[in-house]
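Participant: any chance you could fold what I've pasted below:
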Amino acid sequence: MDAQQVPPDMSNWTPRAKFLDNTHNKSELIHLLSSTFRKHHITVEQCDNDADTSIVREALAAASDGSVEVRAEDADVLVMLVHHSSDSHHPLFLTTSNGSYDVRKIKESLSETQKSYLLFCHAFTGCDTVSAIAGHGKTTLFARFCEGDAAEYIDIFLDTEATKETVIQAGTAIFKYIYHGRDTTLGEIRYNMFSRKAAAGVIKPETLPPTEGAAAQHSLRAYLQTRDWILLQSMSLNPSDYGWTIGVHGYEPVPTLDPTAPEELLQFTSCNCHGDCSNRRCSCKKNGVTCISACGVCNGIACRNCSHDVVEIGQNLASQLPQCPSPTELSVLPLPGDPSSCDPLSRGFMLPWSQTHYSVVEPGSPVNLQAAQTAQLHMHREGYQQYNKKK
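Facilitator: I've put the predicted structure just below:
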């Protein structure tokens, strides 16, 4: 109806979603409905926490005496009804705004493995309390899980007595299985995927695997939810121990316990000193970090607060230092110039003094090979293998 047809007493009505976002409104609505139902001799059970398990428990109890129709919009309720229903129950139906579902027929269409893994799969791949895994649909993952390759890890989530440590280990292994990297670490899988996407020029962070810390918290929440559904008991364990924390609006998920970034990045600072950065006038020195390439004057190379010892090249040292090595002695990165020339003696080259800093050596200049080799070794350890000494 258009605005002219709205009755005056309805013009200020609040949308349902916005109304229910207010916890006070929700509490008052529940109180009003409960009191009205009781006045009409309808049994009401009010839940302090999530009502889904209570709904399923009461529906199963009623199905022992006759057929039952459950009205809900939550897929969690349907999954629990399918898992817990048996041949001894009378017909069970779940009715939503999209139609009605026969619980018995759904269960009969599933294999034994699918029946066993249904609760775990629904929880781990995303439900009301556990985030979904971007780029991996429920149907696809359900089929992969039921192939049996991850059975030993899934069984841990179905064990109501499993420890937190085993749950985290199993959850991490399942994530590695999802991303096809069972023989490596999540960090390596994440780095390799990032590198491929960066090379392609398109990076969507949500499609990357979770970090080890995020996978641990996800696994704990998924285990707690699966356990609640198995036992039909809300908050069967302390949520604060299983991926949740108490915030302003109640329980909130813990994304990860790992730091946001390495400490050296969190303490990022730079200076613009005209001296040698050796005293506390230097903002880098004052904050206890080394100078970096973003520093205005020293560029993290020409000062006493660098992460390396800069080799001073002067005429008084020329007689004591060897000349630039030939291409057969050291692999180098030629400076921009004639692409047909690869001779570092004629074009100059760059020596890696640290992970992020390079010193340009002009053609024919002497260089400290020991320092260069030490810097190269440091880069090898950090995974930077652009520069390798030839055997």
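Participant: all strands of the stretch 101-250 of the chain, in order?
Facilitator: Secondary structure of the stretch 101-250 of the chain by DSSP state E, counting those that start in this stretch: the strands cover 244-247, 250-253.
Participant: just the helices from the stretch 51-200 of the chain, written as ranges.
Facilitator: With helices called from DSSP state H, counting those that start in this stretch, the stretch 51-200 of the chain shows them at 52-62, 75-84, 103-108, 112-124, 138-145, 151-157, 164-178, 186-200.
Participant: including distance to Cys284, could those helices go into a markdown table?
Facilitator: Using the backbone N, CA and C atoms, a C-beta is placed for each residue, glycine as well. Conversion of the helices of the stretch 51-200 of the chain to a markdown table gives the following (distance: least, C-beta to C-beta, whole Å):
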| stretch | distance to Cys284 |
| --- | --- |
| helix 52-62 | 55 |
| helix 75-84 | 53 |
| helix 103-108 | 64 |
| helix 112-124 | 45 |
| helix 138-145 | 48 |
| helix 151-157 | 46 |
| helix 164-178 | 37 |
| helix 186-200 | 28 |
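Participant: looking at these, which is nearest to Pro259?
Facilitator: Distance to Pro259, taken as C-beta to C-beta, is lowest for helix 186-200 among these, at 14.0 Å.
Participant: tell me the gap between that closest one and the middle of its chain.
Facilitator: Its chain's C-alpha centre lies 14 Å from the corresponding centre of helix 186-200 when counted by C-alpha atoms, centre = their mean, to the nearest Å.
Participant: that helix - contacts with which helices or strands?
Facilitator: helix 164-178, helix 212-231 (3 or more C-beta pairs under 8 Å, 6 or more residues apart in numbering; DSSP states H and E).
Participant: deepest-packed of those, please.
Facilitator: Of these, the one with the most neighbours on average (mean count of other C-beta atoms under 10 Å) is helix 212-231, at a mean of 23.
Participant: alpha carbons only: can I get it in PDB?
Facilitator: Output in PDB follows, covering the C-alpha atoms of helix 212-231 (Å, rounded to 0.1, in the frame of the first residue of the first chain):
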ATOM      1  CA  GLU A 212      46.200 -20.600  13.000                       C
ATOM      2  CA  GLY A 213      44.700 -18.500  15.800                       C
ATOM      3  CA  ALA A 214      41.400 -17.800  13.900                       C
ATOM      4  CA  ALA A 215      41.100 -21.500  13.000                       C
ATOM      5  CA  ALA A 216      41.400 -22.400  16.700                       C
ATOM      6  CA  GLN A 217      38.600 -20.100  17.800                       C
ATOM      7  CA  HIS A 218      36.400 -21.100  15.000                       C
ATOM      8  CA  SER A 219      36.900 -24.800  15.900                       C
ATOM      9  CA  LEU A 220      36.100 -24.200  19.600                       C
ATOM     10  CA  ARG A 221      32.800 -22.500  18.700                       C
ATOM     11  CA  ALA A 222      31.900 -25.200  16.200                       C
ATOM     12  CA  TYR A 223      32.600 -27.900  18.800                       C
ATOM     13  CA  LEU A 224      30.500 -26.200  21.500                       C
ATOM     14  CA  GLN A 225      27.600 -25.800  19.100                       C
ATOM     15  CA  THR A 226      27.900 -29.400  17.900                       C
ATOM     16  CA  ARG A 227      28.000 -30.600  21.500                       C
ATOM     17  CA  ASP A 228      24.900 -28.500  22.400                       C
ATOM     18  CA  TRP A 229      23.000 -30.000  19.500                       C
ATOM     19  CA  ILE A 230      24.000 -33.600  20.400                       C
ATOM     20  CA  LEU A 231      23.000 -33.200  24.000                       C
END
